[in-house]
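Asks: 3D, please:
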Amino acid sequence: MANFKYEIIKNIGNISESPKGWTKELNLISWNNREPKYDLRDWAPEHEKMGKGITLTKEDLKELRDILNNMDL
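Replies: Next up, the predicted model:
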């Protein structure tokens, strides 16, 4: 697996926590010193490990917000 670097710029919020202490978080993250993107994934308690996730641009996040706002929950 290739090495990569990340920096959590801002924690937007935690969505849930598993019994093992992992949290599903929405963060603003810079991957490999690139422009920060919004990122949704599971993190170990000290952010030493991460699960699979998705990254979103600001435009993607706005579109997702609009879709969720129009859902009948």
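Asks: can you give me the strands in the chain?
Replies: Counting by DSSP state E, residue ranges of the strands within the chain are 6-17, 23-31, 37-43, 50-56.
Asks: which one of those strands lies nearest to residue 70?
Replies: Among the strands of the chain, strand 50-56 comes nearest to residue 70, with 17.6 Å by C-beta to C-beta. The way it works is simple: take the backbone N, C-alpha and C, and place the C-beta from them, glycine included.
Asks: give me the below-cutoff pLDDT ranges for this structure.
Replies: Scanning the chain for pLDDT under 70 picks out 1-2.
Asks: ok, back up a step: would JSON lines of the strands of the chain with mean neighbour count be doable?
Replies: JSON lines is the format used below for these (neighbours: other C-beta atoms under 10 Å):
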{"stretch": "strand 6-17", "mean neighbour count": "12"}
{"stretch": "strand 23-31", "mean neighbour count": "18"}
{"stretch": "strand 37-43", "mean neighbour count": "18"}
{"stretch": "strand 50-56", "mean neighbour count": "13"}
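Asks: which one of the ones you listed lies nearest to residue 62?
Replies: With C-beta to C-beta as the criterion, residue 62 lies closest to strand 50-56 of the strands of the chain, at 9.2 Å.
Asks: check contacts around residue 6.
Replies: Counting by C-beta atoms under 8 Å, 6 or more residues apart in numbering, residue 6 touches 29, 30, 31, 32.
Asks: kindly recompute the last result at 10 Å.
Replies: Residues in contact with residue 6, defined by C-beta atoms under 10 Å, 6 or more residues apart in numbering, are 27, 29, 30, 31, 32, 33, 34, 36, 39, 47, 50.
Asks: try residue 25
Replies: Counted by C-beta under 10 Å, 6+ apart, residue 25 has contacts 8, 11-17, 39-43, 47, 50, 53.
Asks: who is it paired with across the strands?
Replies: Beta-bridge partners recorded for residue 25 (DSSP bridges): residue 14, residue 41.
Asks: what's the closest non-adjacent residue to residue 64?
Replies: In this structure, residue 64 finds its nearest non-sequential neighbour in residue 56, 6.7 Å apart by C-beta to C-beta, 6 or more residues apart in numbering.
Asks: residue 53 contacts residue 22, correct?
Replies: No - Residue 53 is not in contact with residue 22 according to C-beta atoms under 10 Å; the separation is 11.9 Å.
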